[in-house]
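A.B. asks: here you go, sequence then predicted model.
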Amino acid sequence: MPWASVADGSFNFDLGASYTEEQVREFMGPMLDDPPAVLRQMAESTGTDVAGYVSEGPAFSAFTLSDGEVYHTYSTQARGLEFLMGYYQILDRAPKGRDEGGPGTEHWIRRHDEYETI
């Protein structure tokens with residue numbers, strides 16, 4: 001399967017997978033000044049700050065070539081990429097599922113010793 005990179009183009013910005021610093025500040029507002037600890041940790045572990053971390057998101061796009069014309073047939077970001085994450089299907093079959101029950105649970109994956117004791 002041929003793959004292509006958009007590293008030097010505006011494609012990611014055009015489809016909403018990349019954001020300028022101004023867009024990040026507008027979207028996140030004061031949260032950038034005091035981000036959740038898990039967001040700070042993820043940014044630091046990748047060698048950037050929170051604004052840099054959230055300015056690039058994963059995306060999946062598909063194209064077809066027909067009669068010399070390129071057609072954009074599909075794109076998805078964020079939760080639409082779950083089909084690529086094999087562990088989600090495993091967790092969906094576990095007793096508590098993904099355990100995404102309340103606010104702030106969008107970062108629900110934890111190491112075994114980071115869960116609260118019940």
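C.D. replies: Great, that's in hand. Please read all numbers here as calculations on a predicted model, not as lab measurements.

A.B. asks: going by C-alpha atoms from here, please, whenever you check contacts or count neighbours.
C.D. replies: Fine.

A.B. asks: show me the shaky parts of the protein.
C.D. replies: 100-118 (pLDDT under 70).

A.B. asks: so what's the residue count around the residue nearest to E56 when sequence neighbours are not counted?
C.D. replies: In space, and not counting its chain neighbours, E56 is closest to S18: 4.6 Å by C-alpha to C-alpha, 6 or more residues apart in numbering. For S18, the neighbour count with other C-alpha atoms under 10 Å is 19.

A.B. asks: residues touching A62, list them.
C.D. replies: 72-75 (C-alpha atoms under 8 Å, 6 or more residues apart in numbering).

A.B. asks: over to T46?
C.D. replies: T46 sits next to Y53 when contact means C-alpha under 8 Å, 6+ apart.

A.B. asks: circling back: closest to T48 out of the contacts of A62?
C.D. replies: Nearest to T48 among the contacts of A62, counting by C-alpha to C-alpha, is S75 at 26.4 Å.

A.B. asks: is that closest one in contact with A59, as I believe?
C.D. replies: Yes: proximity of S75 to A59 meets the contact threshold set by C-alpha atoms under 8 Å, at 7.1 Å.

A.B. asks: so which of the contacts of A62 wins on neighbours?
C.D. replies: Ranked by the number of neighbours (other C-alpha under 10 Å), these place S75 first, at 15 neighbours.

A.B. asks: bridging residues for that residue?
C.D. replies: S75 forms beta bridges with S61, as assigned by DSSP bridges.

A.B. asks: could you do E69 as well?
C.D. replies: Beta bridges link E69 to S66, judged by DSSP bridges.

A.B. asks: distance to W3 for the contacts of A62 - can I get that in JSON lines?
C.D. replies: JSON lines is the format used below for the contacts of A62 (distance: C-alpha to C-alpha, whole Å):
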{"residue": "H72", "distance to W3": "14"}
{"residue": "T73", "distance to W3": "15"}
{"residue": "Y74", "distance to W3": "15"}
{"residue": "S75", "distance to W3": "15"}
